[in-house]
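[1] with the input below, show me the fold.
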Amino acid sequence: MNNAENIKQKTEATVHEAVNTDSELYKVGTVVTAAFAGVVGLWAVICLSSAFMSEGGPVALIKNLFGAVTGTM
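    Predicted coordinates:
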């Protein structure tokens, strides 16, 4: 019986370690995804501010956008 108890304890320890590993992998995946989303958001803000500067402001940007969509440029 002592041998059966040792096998049961080893099995429980292995399952517990696997659960902790999965949890840590989910945390890493969440952090990587959030960091990537932050970089994309920062890139979008930089591109939008660049468009504002090159067109002369938000009103001119919107006017040119509608002109490009309707073909009246």
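[2] tell me which helix or strand F36 sits in.
    In the assignment (DSSP states H and E), F36 maps to helix 2-55.
[3] any idea of the mean pLDDT for that helix?
    On average, the pLDDT along helix 2-55 is 80.
[4] right, and the helix or strand after it?
    With secondary structure assigned by DSSP H and E, helix 2-55 is succeeded by helix 58-70.
[5] what residues of that following helix count as buried?
    Within helix 58-70, the residues that count as buried by 16 or more other Cβ atoms under 10 Å are L61. Glycine gets a C-beta too; all of them are placed from N, C-alpha and C.
[6] now for that helix, which elements pack on it?
    If you count contacts as 3 or more Cβ pairs under 8 Å, 6 or more residues apart in numbering; DSSP states H and E, helix 58-70 packs onto helix 2-55.
[7] from one end of stretch 47-65 to the other, what's the distance?
    15 Å (Cα to Cα, to the nearest Å).
[8] list the contacts for the residue nearest the centre of the chain?
    Residue closest to the average C-alpha location in the chain (Cα atoms, centre = their mean): T33, at 2.7 Å. By Cβ atoms under 8 Å, 6 or more residues apart in numbering, no residues touch T33.
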